[in-house]
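Undergrad: need coordinates for the following:
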Amino acid sequence: MGMNEAGLSVLTGSARSDWIRLRTLILLRWLAVLGQTGAVAVAELALGIELPLGACAAVIAASAAFNIVAAFIHPENKRLSERASALTLLFDLIQLGLLLALTGGLANPFAVLVLAPVTISATVLTLRATVLLAAAALALISLIAWVHVPLRFLDGSQLVLPPVYLAGKWAALAIGIVFLALYARRVADETFSMSQALVATQLALAREQRLTALGGLVAATAHELGTPLATIKLAATELARELEGRADLRAELREDVELIRTQADRCRDILRSLGRAGRDDRQIRAAPVSAVVAEAAEPHAERGRALILRIGGQPVAAGEVPPGQPLMLRSPEIIHGLRNLIQNAVDFATARVWIDIGWDARSLRVAVGDDGPGYPPDMLGRLGDPFLRRRGEAMRARGERPGYEGMGLGLFIAKTLLERSGARVTFTNGSEPGRQARRAESGDPARARPPGAIAEVVWKRGDIEAPPDMLRGPLGENPRF
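TA: From the prediction side, this is the model:
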């Protein structure tokens, strides 16, 4: 799949490192300042717990000062780099640790808040930053478990929790830090990969739509200009014939000259309207199934692999469109999706790629198979996921495809686009039993069953088939896009 550099730039892993706005962290920190102030005030005034108010106020004031300085130096819409985000979250973690150390250590029920900076890092920052913050959080809870100001009531009694409880709370926090970091990281990675893959899909679809629109523009130009140009040619031919050997026909030729001018103006107007907005030629909205498949396969016809198109198991010659086929909607999603499946088959085929077309009263089926090594059996359940490159990497490791450098998006884009058209896409290997009845082995490869990978696309005919009267009757004026 070709893609320009601008499209590729969105697929870099570093794109996540500048997701956080400074204003977002400032607002969250102000909430933390208000919450910490309120908690200290409630503990001192309502619960009768004696706290080092001066030290607590200084730690809370440091967080507020950080906010004020950051808001004064940087604009509100500034997005932090990975380094700046990690250091900011590390500051919040240390500030929270100091406040917990002044207010009972792990005996403070708010100690669970140490999970927040690590979870944020796992969601939006890189693995390196997440590991750094997780290690800092583990070190912090271990330190305040031993070094902290115990909670004392106003009567001098001290809140003492059983050592087993404190040990359990430390273990719970440590496990929570690791688990939430891994969990958030995994979910964020999958979400990021999916969003980036969908961006690539939209870029591919937009490119296919531009190509389809260009093809429609060419067809519409030929359709619109055919009649006026034929009239011009006829009038010019008659004029030339009348002029042969005669010089006294100027008045008689005025009508033909006016007709030529009228038709030339019409050609100009048509070209001007096509150049402004383009038109949709109704003749290319639908086509027989084999014609749509042949269009999808055309870019890969000269890549050194034999493409064998079959209908009901019978080979179809190049350029041949057998009668009696369903009329299929010709949409960019379908063409590009099938093209990616065929490209994948050609990439991994040894010598041949088979494209089988079949239909019954309810469904329409297109299967693309090759004679390559097939899909890795342990990856069959994951085929269609974005950035899955196991098959190409395995072949490169064996030296079979040393020049192959795929992004792992071809099958994902094909599956996404085809499912948007209502199709069900499945991936299997030709050697898998029960896939379909084996054809009798013969010396004719055009009738053989694909021994390698097979990608099957099945539509309900009601979802994909064009109305039978779409191309019947007068087409009328081609509408604008």
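
Undergrad: is residue 458 in a helix, a strand, or coil?
TA: strand (DSSP: H, G, I helix; E, B strand; the rest coil).

Undergrad: same deal with residue 308?
TA: Secondary structure of residue 308, per three-state DSSP, is strand.

Undergrad: so it touches residue 447, yeah?
TA: No. Assessed by Cβ atoms under 8 Å, residue 308 is found out of contact with residue 447, at 9.1 Å. All C-beta spots, glycine's among them, are computed from the backbone N, C-alpha and C.

Undergrad: which residues do those two both contact?
TA: residue 315 (Cβ atoms under 8 Å, 6 or more residues apart in numbering).

Undergrad: can you report how many residues neighbour the closest residue to residue 176 other than its chain neighbours?
TA: Nearest non-adjacent residue to residue 176, counting by Cβ to Cβ, 6 or more residues apart in numbering: residue 115, 5.5 Å away. Neighbour count of residue 115, defined by other Cβ atoms under 10 Å: 17.

Undergrad: and what of the one 5 residues further on?
TA: Residue 120 has 21 neighbouring residues, counting by other Cβ under 10 Å.

Undergrad: what's the answer for residue 256, then?
TA: 16.

Undergrad: so is residue 425 in a helix, a strand, or just coil?
TA: What three-state DSSP gives for residue 425 is strand.

Undergrad: partners of it in the sheet?
TA: Beta-bridge partners recorded for residue 425 (DSSP bridges): residue 457.

Undergrad: which residue ranges of the stretch 51-200 of the chain form helices?
TA: For the stretch 51-200 of the chain, the helices defined by DSSP state H, counting those that start in this stretch cover 53-73, 82-102, 115-124, 127-146, 163-243.

Undergrad: need the contact list for residue 92.
TA: Going by Cβ under 8 Å, 6+ apart, the list of residues near residue 92 reads 29, 32, 63, 116-117.

Undergrad: state the pLDDT value of it.
TA: pLDDT recorded at residue 92 is 91.

Undergrad: same question, residue 428
TA: 89.

Undergrad: what do you get for residue 169?
TA: Residue 169 carries a pLDDT value of 89.

Undergrad: contact partners for it?
TA: Per Cβ under 8 Å, 6+ apart, neighbours of residue 169: 106, 111.

Undergrad: which residue packs closest to residue 422, ignoring adjacent ones?
TA: The shortest distance from residue 422 to any non-neighbouring residue, by Cβ to Cβ, 6+ apart, is to residue 463 (3.6 Å).

Undergrad: what strand or helix carries that neighbour?
TA: In this structure, residue 463 is located in helix 461-464 according to DSSP states H and E.

Undergrad: what's that helix packed up against?
TA: strand 363-370 (3 or more Cβ pairs under 8 Å, 6 or more residues apart in numbering; DSSP states H and E).

Undergrad: I'd like the average pLDDT over the strand it packs on.
TA: So the average pLDDT for strand 363-370 ends up being 92.

Undergrad: what strands line up against it, and which way round?
TA: strand 352-359 (antiparallel), strand 453-460 (antiparallel).

Undergrad: tell me the domain boundaries of this structure?
TA: Taking automatic domain parsing as the reference, the chain has its domains at 15-161, 218-281, 286-464.

Undergrad: of those, which is nearest residue 170?
TA: Ranking those by proximity to residue 170 (Cβ to Cβ) places domain 15-161 first, at 5.3 Å.

Undergrad: nearest residue to residue 420 in space, please, no chain neighbours.
TA: Residue 420's closest residue in space is residue 333 (Cβ to Cβ, 6+ apart), at 5.3 Å.

Undergrad: do you know how far residue 368 is from residue 103?
TA: Residue 368 sits 66 Å away from residue 103, going by Cβ to Cβ, to the nearest Å.

Undergrad: what is the neighbour count of residue 235?
TA: 19.

Undergrad: residues contacting it?
TA: Residue 235 touches 256, 259-260, 263, counting by Cβ under 8 Å, 6+ apart.

Undergrad: of those, closest to residue 21?
TA: residue 263 (61.3 Å).

Undergrad: what helix or strand is that closest one on?
TA: With elements taken from DSSP H and E, the one containing residue 263 is helix 254-276.

Undergrad: what do you get for residue 35?
TA: Residue 35 belongs to helix 22-41, assigned by DSSP H and E.

Undergrad: quick one: buried residues of that helix?
TA: 22-23, 25-26, 29, 32-33, 36, 39-40 (16 or more other Cβ atoms under 10 Å).

Undergrad: residues in contact with it?
TA: By Cβ under 8 Å, 6+ apart, helix 22-41 touches 51, 53, 56-57, 60, 63-64, 66-67, 70-71, 74, 76-80, 85, 88-89, 92, 96, 99, 103, 110.
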